[in-house]
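S.K.: Predicted model, plus sequence, below.
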Amino acid sequence: MQRSARPARLHKGFTLIELMVVVTIIAIISAVALPAYSDYVKRAKITEATSALSDMRVKMEQFFQDNRTYATACAAGTVAPVPSSTNNFDFACSNLGTTTYTVTATGKNAMLGFNYSIDQANTRTTLQLGSGWTGAGSSCWVTRKDGSC
């Protein structure tokens, strides 16, 4: 009696273990990459506020050179109007006097809780930071989650 040869079994597809390993690897990469990307996006948005504040300082100094006071600055039609609000920050002038001013950027939407300011002495202050960020109250503009400027 002759035995018939069985055809070799062809395996098609992946085993459950292989799929679970791939899912686990993707989960680990996502757990590391997503928070890092989120912080990177916030840091980019902070630049929007700090560059507008720096630009406003230059305009305020130009206004002072022309008028010998800051008291009437931050008005429409002057050399130093308040910067326009953006999707992430509102800007305001305060403490306007003969020799003093403060310009503040207040975060909104995704940047809620981030507040920065600058004054006539070019003192750059981080007034408040969002959740998980350190360095509020610093005499510099904190641009990183660890509190560095």
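M.R.: Looks like it came in fine.
S.K.: So for the protein, the centremost residue is which one?
M.R.: residue 42 (2.8 Å; CA atoms, centre = their mean).
S.K.: For burial, what's the neighbour tally of residue 130?
M.R.: 16 (other CB atoms under 10 Å). (Each C-beta comes from the backbone N, C-alpha and C, glycine too.)
S.K.: Does residue 126 touch residue 116 like I think?
M.R.: Yes. At 5.9 Å, residue 126 counts as touching residue 116 under the criterion of CB atoms under 8 Å.
S.K.: what about residue 117, which SS state?
M.R.: strand (DSSP: H, G, I helix; E, B strand; the rest coil).
S.K.: so the closest residue to it other than its chain neighbours bridges to which residues?
M.R.: Excluding the flanking residues, the one nearest residue 117 by CB to CB, 6 or more residues apart in numbering is residue 104, at 4.5 Å. For residue 104, the residues forming beta bridges with it (DSSP bridges) are residue 92, residue 117.
S.K.: Could I get the contacting residues of residue 104?
M.R.: Contacts for residue 104 (CB atoms under 8 Å, 6 or more residues apart in numbering) come out as 91-94, 115-117, 127.
S.K.: any chance of those residues in TSV, with neighbour count too?
M.R.: Formatted as TSV, the contacts of residue 104 follow (neighbours: other CB atoms under 10 Å):
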residue	neighbour count
91	20
92	14
93	19
94	12
115	20
116	26
117	20
127	14
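S.K.: tell me the mean pLDDT over the host helix or strand of residue 22?
M.R.: Taking DSSP states H and E as the criterion, residue 22 maps to helix 16-67. Averaging pLDDT along helix 16-67 gives 93.
S.K.: tell me what that helix is packed against?
M.R.: strand 89-94, strand 102-107, strand 115-119 (3 or more CB pairs under 8 Å, 6 or more residues apart in numbering; DSSP states H and E).
S.K.: Lovely, talk soon.
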